[in-house]
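> One predicted model, sequence on top.
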Amino acid sequence: MQKVERKFKIKLYINKKGQVSISDLAKNFNVTSETIRRDLTELKNENFIEKVHGRAISLQKETEDPL
């Protein structure tokens, strides 16, 4: 999986879960935790997530369609 595709899928995953651990992401995307940390640093710089000790927390709010 290419980096751009992986980052896109990581964004979707974090947004869906709200927060995830680095080890969970590494396991799900079959890459090292160092690779995930680099991707998360880029996502943090894009203001998509906040990095907290061993975790990533989404800064995006999921919106639901009004009834």
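That came through fine. Residues are numbered from 1 along each chain as shown.
> so residue 32 touches residue 26, yeah?
Yes. Here residue 32 reaches residue 26: they are 6.2 Å apart, a contact under C-beta atoms under 8 Å. Every residue, glycine included, has its C-beta placed from N, CA and C.
> Which one's more surrounded, those two?
Neighbour count, other C-beta atoms under 10 Å: between residue 32 and residue 26, residue 26 has more, with 16 against 10.
> pLDDT wise, what is the more buried one at?
Per-residue pLDDT puts residue 26 at 96.
> Which helix runs longest in the chain?
What stands out as the longest helix in the chain, according to DSSP state H, is helix 3-17.
> gap between residue 54 and residue 5?
Per C-beta to C-beta, to the nearest Å, residue 54 is found 24 Å from residue 5.
> Residue 43 too?
When residue 43 is compared with residue 5 (using C-beta to C-beta), they lie 14 Å apart.
> same thing with residue 36?
Counting by C-beta to C-beta - residue 36 and residue 5 are separated by 14 Å.
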